[in-house]
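Participant: next one to model:
(chains A and B)
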Protein chains: 2
Amino acid sequence: MTSAPANPKSSPTAFASGPVQTISVDAMGGDKGPAPVVAGIARFLKRNPQAHVLLHGDEAELAPLVAKRKIGDNVTIRHAEGVVTMTDKPAQVMRHGKGTSMWSAIEAVRGGEASVCVSCGNTGALMAVSMMRLRKAEGVNRPAIACLWPSRNPGGFNIMLDVGADIRADQDDLLTFALMGASYARNGLGLDRPRVGLLNVGTEEHKGRAELKLAHDMIADAAPKGEFDYVGFVEGGDIPSAKVDVIVTDGFTGNVALKTGEGTANIIGDLLKEAFKKTPLSRIAALLAYTSLQRLKKRIDPRRVNGGVFLGLNGTVVKSHGSADATGVGSAVYLAWRLAQSGFSDRLAARIAQANAALEDDPTEAAQ
Amino acid sequence: MTSAPANPKSSPTAFASGPVQTISVDAMGGDKGPAPVVAGIARFLKRNPQAHVLLHGDEAELAPLVAKRKIGDNVTIRHAEGVVTMTDKPAQVMRHGKGTSMWSAIEAVRGGEASVCVSCGNTGALMAVSMMRLRKAEGVNRPAIACLWPSRNPGGFNIMLDVGADIRADQDDLLTFALMGASYARNGLGLDRPRVGLLNVGTEEHKGRAELKLAHDMIADAAPKGEFDYVGFVEGGDIPSAKVDVIVTDGFTGNVALKTGEGTANIIGDLLKEAFKKTPLSRIAALLAYTSLQRLKKRIDPRRVNGGVFLGLNGTVVKSHGSADATGVGSAVYLAWRLAQSGFSDRLAARIAQANAALEDDPTEAAQ
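Facilitator: Model (predicted):
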């Protein structure tokens, strides 16, 4: 294990994205400190020994953790004094956050040392610093956070966006979300031709808010060139269904839906546990069904779907749950690595440029 | 069993609300026809033999069903030729729906023969006809649909509104929803001092849309006189929690949240069934845990929470699921009966009037 030079510019080529993908990871700022982050990275590296991790945080704390996990060959520590806490206001972090591990982790993507950044820290601050340092990609007005949602699809997951980068989205933003979501589904989930749906309160064309009706037509028009299928309006009940891969919505609705789904899964899980403890017979039943129930638990485990992805910036940022454990961090780093390998950021930028060019070619369409 | 006179005005006193509560039920328009509706009424009457039901629909179809269930003493059939189908457009039904069972069922509330109406029919049409015939209650700009949500609270349910009467709500509407939801919780769930929360993407005061921040202050101000506790902003994950009894939101967000919750519960239920079928051991486990699992199933059974309530009209309308079976219809009729017994409509009107008077007394507050 070696410590990185203080100036990140001094040896950028060593970590440049290429055949050896470098993931930039913010080790601090999670609810549980750096230990589960390093454990998660170790878990990831065991299966992907060709990857490289640039780890940002307090070197005195991180070095022993990295040594303990014996992952020094694949990990470079980049010392950063400061830590962004969960209660720090985004505006504050934008002004004074320069010495923090979060800032440093994002800066590594900006400087081209890594192609993707992962952090368990404060979502608002991470979004604010990412926006400020990486800047919005050309043609993107509103970036979005995309999440994975356990579904009935063969791959086990659907994608929903925006789940909280912003609290609003107009028809142009929703079209951009559709393009970004489709691109993420291709590169992150390996779907050749993702099916995109627009979240509404009914599937009939006349339903919903004005911007949804406009977006409905715009997304349908963009589908052939964007190489996705547009399935039209979908409802809340369709989010975990097999009739769609990507669900497009504004950040307010998406955030409420995400937390409602998690809350529902949690209460059912708790009630199920209580049911199994109720009688001696049900306690025996719980033992007999143990393996099957563990399999189910794993299938809908929120830690496995850990990793909201910020889309629409010059570089990709993966946000892991603040309370993520080693499994959660491991899956977030794996997702980041997969996106890095596919050259996701560049592909996405190309898609957006293509769609905007198409709109400019046909001004009547753009004005609709 | 006797058939009611053709002119509903001819003997209104016989069914007037009083010690014997009359519930007006639309027998037609559900996905499964009138049979489960009559079966549900029979189930309800078994436990509440003092109630009276005014049943609207095709007499030739209904008379044998009522006779079969031996509930003729408590049921009066009001013949109506037409049926509103699930695909009928609300505007169409408003113009041409006069001879339908749905129209007739609402008309009975309008004429004072019954205090509450129940229908399994087309939600949009039911709302449109209810609005047109019953009219909005004084002081209510936007009526709302309230639903029951399985929760960790001792009573087992929380209330959420609006879940789809309209697709928007401004700060004044959200205040009205808070008052109506609190009144419903008092009269429908028997809570003396309901706790009301406003759905947002975070619990911090600075978060969310402009109208939410305004509504936040207005609801807080109205709480003491409205005899409810305002708990502030709540998130999607709090909907089934024990920290709140009434969740206030606009109809778009509420509808998406409701369907997302149902969709999540459904996929978990299906995966659970699959898990129990996976191995011989898990099949035995399913048998051993049968009673406990049935208890859980009953607890979160959507049929038991069947019955969205239209609030803010001159009269109460309970909307049952289109696909409700006898259990579902029975629970919707019971909810209607409970609200009728408590004199809910009158109490609610008094609350709204009181709140509006308070706003008028203090014009600075109203203008905020």
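
Participant: from what I can see residue A:121 touches residue A:32, true?
Facilitator: No. Applying Cβ atoms under 8 Å as the test, residue A:121 and residue A:32 come out as separate, 11.9 Å apart. Using the backbone N, CA and C atoms, a C-beta is placed for each residue, glycine as well.

Participant: more neighbours: these two, which one.
Facilitator: residue A:121 (27 against 15; other Cβ atoms under 10 Å in any protein chain shown).

Participant: so what's that one up against?
Facilitator: Under the criterion of Cβ atoms under 8 Å, 6 or more residues apart in numbering or on different chains, the contact list for residue A:121 reads A:26, A:28, A:29, A:30, A:84, A:86, A:102, A:322.

Participant: among the residues you listed, pick out the one closest to residue B:285, please.
Facilitator: The closest of those to residue B:285 turns out to be residue A:322 (Cβ to Cβ; 35.4 Å).

Participant: could you find the closest non-adjacent residue to the closest one?
Facilitator: In space, and not counting its chain neighbours, residue A:322 is closest to residue A:31: 4.7 Å by Cβ to Cβ, 6 or more residues apart in numbering or on different chains.

Participant: in a helix, the one you found, correct?
Facilitator: No. Checked against DSSP: H, G, I helix; E, B strand; the rest coil, residue A:31 lies outside a helix; its state is coil.

Participant: and the gap between it and chain B?
Facilitator: 16 Å (Cβ to the nearest Cβ, to the nearest Å).

Participant: sorry, back to before: select from the contacts of residue A:121 the one having the most neighbours.
Facilitator: residue A:26 (31 neighbours).

Participant: I'd say that residue and residue A:109 touch.
Facilitator: No. Using Cβ under 8 Å, residue A:26 is not in contact with residue A:109, being 11.1 Å away.

Participant: list the residues that contact both of these two?
Facilitator: residue A:117.

Participant: picking up where we left off before, among the contacts of residue A:121, which ones are in helices?
Facilitator: residue A:102 (DSSP state H).

Participant: grab the two from the contacts of residue A:121 that are most spread out in space.
Facilitator: The span of the contacts of residue A:121, defined through Cβ to Cβ, is set by A:26 and A:86 at 13.2 Å.

Participant: so which helix or strand takes in the nearest residue to residue A:170 once chain neighbours are set aside?
Facilitator: Among residues not flanking residue A:170 along the chain, residue A:211 sits closest, at 5.2 Å (Cβ to Cβ, 6+ apart). In this assignment (DSSP states H and E), residue A:211 forms part of helix A:210-226.

Participant: for that helix, which outside residues touch it?
Facilitator: Identification of contacts with helix A:210-226 by Cβ under 8 Å, 6+ apart yields A:169-172, A:174-175, A:178-179, A:182, A:196, A:198, A:200, A:205-206, A:229-230, A:232-233, A:248, A:351, A:354-355, A:358, A:365, A:368.

Participant: return the members of these classed as buried.
Facilitator: A:169, A:171-172, A:174-175, A:178-179, A:182, A:196, A:198, A:200, A:229-230, A:233, A:248, A:351, A:355, A:358 (16 or more other Cβ atoms under 10 Å in any protein chain shown).

Participant: which of the residues you listed fall within helices?
Facilitator: Per DSSP H, helices hold the following members of the buried ones among the contacts of helix A:210-226: A:171, A:172, A:174, A:175, A:178, A:179, A:182, A:351, A:355, A:358.

Participant: between those residues, which sits nearest chain B?
Facilitator: residue A:174 (14.1 Å; Cβ to the nearest Cβ).

Participant: farthest residue from the center of chain A?
Facilitator: residue A:280 (42.8 Å; Cα atoms, centre = their mean).

Participant: and the closest residue to residue A:132 other than its chain neighbours, what element?
Facilitator: Counting by Cβ to Cβ, 6+ apart, residue A:132 lies nearest to residue A:94, which is 5.6 Å off, once chain neighbours are set aside. Using DSSP H and E, residue A:94 falls within helix A:90-96.

Participant: I'm done for today, thanks for sticking with me.
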